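*Asks:* coordinates only, sequence not included:
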């Protein structure tokens, strides 16, 4: 179905391209787009992604041709050549990527000929057609990755058996992307692997350039980055595996076993790593057993978010924390096959919980789904309902939580009511942070 | 001014000959403006800015009891996600039951680009009506439907009999103009055409069977004492209340529009003696049409920021009602008390240097305020420059010694020019438009936001609050110092050796 979207939780494909490139080290996007595209994206990505700031060269600093009516009529290629040349002259970067907005794509400016005609002085300049009508943020992420794999990653004849690449954690759209990638990298290091995450602290463009040496691409998603990983395999011969984004003991232990198997790691070694991590995890998780038991901190829950987070959060809440996340609302724009794939991730919970998963892009409908599932009070004396309840979603779910009279935590985009720096929720250690944040909300009034 | 019969309002490049790219001094821009040679809009290198759609939302996301439909691919209006909480909070200050921000994006995709998006718009309007029963549904047109030829006016005309909400189309397609302030004209155009007039009253005017002359006289008297104060969404509720309180001794009936209003509040807005703007950039289109269409005169001269401009603002209103003496009395009392209160802060601020950036009206008046506190203004960076800036700047040059030598740079955002200026002049403080202030901070310079909805900036209390906060800012500047030591802006070192205005297509355009 392709309908209007009520309070969408993503910007367009150009936004995804800009967001993704903006956190790639030493990389600067050049927008060939209408006046305003850059500014619109900048606000959405800065203030609604946990105040990640304007970074190195984002927000108002993003180079943009600011195409207007005249360029639409006469074509804007000449202006683009000038903008590319002057961007290189002024902005210090190692990679420049031209991305396009709707108007430019519709009038058919040839950005590739502009890129060829621009005097780049030896600096690499790539191009990607990302006009917003092509899709949402995730589409932009996918388009950009494909362009980089095709035009920037160098072919490698030999694979490094100890090197893997990680995709599928979509920067900024996953507001905790930086922390999550660090946590995943640490986990894989414990298995004895070196990991390219491409985005995040300590990563370099050289990692990306040499990524074809990796022996496996791990896509931490069933939906995002999968197409790009297939392109990578076709071009560079590195196979990929799709594994669900893990939060908590049950999710992460399963993740480590899956990866261990894919990489042919000795089972006993994987189990040893899992045991060590579990020891650390339960050492801390145990701390709340008093407050959990004294105050009754078990909750019914609604999980609202994208397909990556919703399965991870639901499994963590149900299997690790012993909560009852009975309703899950996924806001992504997905194909039917993708939905089927995503639904599988909600099966086989250790707790036995079988959540109802609903694909719905309209934020207002969440409270309706809750009412349908738990019933609505008609003022009767004996009434169960969504009580005690909890909403795990985005800042938009504050309205829903207010309506339902339950607490809420913003974990998925947009997050305009929290500052997020290096915090991550992935793995065992991330789940401890998540537990801290959830319980802090519950005891916030004490 | 009379564009109201047109479906789409003109752009400011044409209507106001506004300029978006300039580098020089205040004296030079004043001279060039008088010669009428300020049509520059282009740079050889440019950075991102907002468009009219993004800026239209600054007013539209405040309108209560309404739903916004952004008719576009999924990204347009995405900045709303960052505003939802703030908008709701401020709406509730006017009406505790206000729902807050509700919006829908029509999600135009590759197929719609070929087949047209009118059906999706129709569906979205009907959904908004059924789901929320709002008083108004505001439909924002964007670049894509404009280019593919969606006739949104026809769609809405067709839908009007089917819905109870007022349908308000806003033609704010981003690519039409580089001057994002055209947004205000687009918004007011939609409001004037679809919310103002007897036919939009919430209760119908019933002609009395026997005309009551005394009642009619009372009504006319009330109208003759009614002033519309046109607010801006960048001001605080406290600012608004302060201005109303300041005017209290004049015994006027004050109506505040357009921000945080209910759609019904516009219907009888023409029943007023005077429109008073707080910011000409914001209001000249509305005020101009209220004069042409309803014979309501206006005052657009200045914003009540700083003593000099607050005085002018009050006196202009008082003069209109022939109440100058009362106004002078207000001013005398206020100023004596204020001067005493800010004296200690002036000691701290004396001689501190500052560069300002933002909207032309705010930066010029803020510069006067900072000068009056003893600070030295080194430069001004305006988003754009037109006749309203020109008039205010002429007053500044006349009233503030040596201000003609102050640097004047015009550009929406363009932080690379700002970085160059700040590197060369190293002011003690930067005063900037929220959204791009971090750049100055990363150069180690403390930043005072040019406006903020949580603080007071206007009237006499605004002067006190600004002075007090500035002194606080300078008391500990360690955060900016720390960040300045460790952060790096993206520009090559060679850029700082160049002229700050090297990429403006200045001469070429002037000659043309």
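*Replies:* Received it, and whenever you're ready, just let me know what you need. Just so it is clear, the model here is predicted, and its values are computed rather than measured.
*Asks:* domain ranges for chain B?
*Replies:* When chain B is parsed with automatic domain parsing, its domains come out as B:52-176, B:213-320, B:342-511.
*Asks:* Oh, that last question was meant for chain A, not what I typed.
*Replies:* Per the record, chain A has its domains at A:13-151, A:160-279, A:297-415, by automatic domain parsing.
*Asks:* Name the stretch among those domains that sits most buried.
*Replies:* domain A:13-151 (a mean of 24; mean count of other Cβ atoms under 10 Å in any protein chain shown). For every residue, glycine as well, the C-beta is placed using N, CA and C.
*Asks:* For that domain, give the mean pLDDT please.
*Replies:* For domain A:13-151, mean pLDDT rounds to 95.
*Asks:* Would you mind measuring the gap between the ends of it?
*Replies:* Taking Cα to Cα, to the nearest Å as the measure, domain A:13-151 stretches 19 Å from start to finish.
*Asks:* Off-centre distance for that domain?
*Replies:* Counting by Cα atoms, centre = their mean, to the nearest Å, domain A:13-151 is centred 20 Å from the centre of its parent chain.
*Asks:* got a list of what residue A:344 touches?
*Replies:* Applying Cβ atoms under 8 Å, 6 or more residues apart in numbering or on different chains, we find residue A:344 in contact with residue A:222.
*Asks:* Distance of it relative to chain B?
*Replies:* In this view, residue A:344 and chain B are 27 Å apart by Cβ to the nearest Cβ, to the nearest Å.
*Asks:* need the contact list for residue 415.
*Replies:* Because you didn't say which chain, this covers chain A. A:48, A:49, A:50, A:175, A:394, A:395 are the contacts of residue A:415 under Cβ under 8 Å, 6+ apart.
*Asks:* that answer is for a different chain, and I need it for chain B
*Replies:* A:60, A:61, B:47, B:436, B:439.
*Asks:* same thing with residue A:391?
*Replies:* Counted by Cβ under 8 Å, 6+ apart, residue A:391 has contacts A:301, A:302, A:304, A:366, A:397, A:400, A:401, A:404, A:406, A:407, A:408, A:409.
*Asks:* In helices, which of the contacts of residue B:415 appear?
*Replies:* Of the positions in the contacts of residue B:415, residue B:439 sit in helices, assigned by DSSP state H.
*Asks:* how about the contacts of residue B:415 in a markdown table, adding distance to residue B:97?
*Replies:* A markdown table is the format used below for the contacts of residue B:415 (distance: Cβ to Cβ, whole Å):
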| residue | distance to residue B:97 |
| --- | --- |
| A:60 | 37 |
| A:61 | 41 |
| B:47 | 42 |
| B:436 | 36 |
| B:439 | 40 |
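*Asks:* Chain A: strands as residue ranges?
*Replies:* Using DSSP state E, the strands assigned to chain A run over residues A:5-6, A:27-32, A:95-100, A:125-128, A:160-167, A:194-196, A:214-219, A:240-242, A:300-305, A:324-330, A:356-359, A:389-393, A:408-410.
*Asks:* follow-up on the earlier one: which one of the contacts of residue B:415 is nearest residue A:87?
*Replies:* The nearest member of the contacts of residue B:415 to residue A:87, counting by Cβ to Cβ, is residue B:47 at 9.5 Å.
*Asks:* so that closest one makes contact with residue A:58?
*Replies:* No. Counting by Cβ atoms under 8 Å, residue B:47 sits too far from residue A:58 to count as a contact (10.3 Å).
*Asks:* circling back to that earlier point, would you tell me which one of the domains of chain B is buried the most?
*Replies:* The highest mean neighbour count among those, using mean count of other Cβ under 10 Å, belongs to domain B:52-176: a mean of 22.
*Asks:* and that one, how far apart are its ends?
*Replies:* Terminal-residue distance, domain B:52-176 (Cα to Cα): 9 Å.
*Asks:* Check stretch B:422-439 too.
*Replies:* End to end - Cα to Cα - stretch B:422-439 spans 10 Å.
*Asks:* before we move on, what about stretch B:63-82?
*Replies:* End-to-end distance for stretch B:63-82, by Cα to Cα: 17 Å.
*Asks:* what does stretch A:82-101 give?
*Replies:* For stretch A:82-101, the end-to-end distance is 18 Å (Cα to Cα).
*Asks:* now stretch A:110-122
*Replies:* So stretch A:110-122: terminal residues 21 Å apart, Cα to Cα.
*Asks:* anything in it near chain B?
*Replies:* No. Using Cβ under 8 Å from any Cβ of the partner chain, stretch A:110-122 stays clear of chain B, with a minimum separation of 11.9 Å.
*Asks:* now residue B:288, nearest residue through space, not along the chain?
*Replies:* Of all residues not flanking residue B:288 in the chain, residue B:1 sits nearest, at 3.2 Å (Cβ to Cβ, 6 or more residues apart in numbering or on different chains).
*Asks:* Now do the contacts for that neighbour.
*Replies:* Contact analysis of residue B:1 by Cβ under 8 Å, 6+ apart lists B:285, B:288, B:289, B:291, B:292.
*Asks:* Provide the partner residues of residue A:125 in its beta bridges.
*Replies:* Counting by DSSP bridges, residue A:125 is bridged to residue A:96.
*Asks:* just checking, it touches residue A:99?
*Replies:* No. The criterion here is Cβ under 8 Å, and residue A:125 misses it with residue A:99 at 11.6 Å.
*Asks:* Now do the shared contacts for the two.
*Replies:* residue A:30.
*Asks:* Just want the residue of the stretch 301-446 of chain A that's nearest chain B.
*Replies:* The stretch 301-446 of chain A approaches chain B most closely through residue A:414 (3.9 Å), counting by Cβ to the nearest Cβ.
*Asks:* er, chain A actually
*Replies:* residue A:36 (2.1 Å).
*Asks:* Can you tell me which of the contacts of residue B:1 is closest to residue B:494?
*Replies:* Nearest to residue B:494 among these, with distances taken as Cβ to Cβ, is residue B:285, at 43.0 Å.
*Asks:* Tell me how far the closest one lies from chain A.
*Replies:* According to Cβ to the nearest Cβ, residue B:285 stands 19 Å off from chain A.
*Asks:* My read is that that residue contacts residue B:182, right?
*Replies:* No. Using Cβ under 8 Å, residue B:285 is not in contact with residue B:182; the gap is 9.2 Å.
*Asks:* Overlap in contacts, those two.
*Replies:* Common neighbours of residue B:285 and residue B:182, counting by Cβ under 8 Å, 6+ apart, are residue B:9.
*Asks:* circling back: turn the strands of chain A into a markdown table, including distance to residue B:33.
*Replies:* Listed next are the strands of chain A as a markdown table, based on distance: least, Cβ to Cβ, whole Å:
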| stretch | distance to residue B:33 |
| --- | --- |
| strand A:5-6 | 45 |
| strand A:27-32 | 31 |
| strand A:95-100 | 36 |
| strand A:125-128 | 39 |
| strand A:160-167 | 54 |
| strand A:194-196 | 55 |
| strand A:214-219 | 58 |
| strand A:240-242 | 61 |
| strand A:300-305 | 52 |
| strand A:324-330 | 55 |
| strand A:356-359 | 57 |
| strand A:389-393 | 52 |
| strand A:408-410 | 48 |
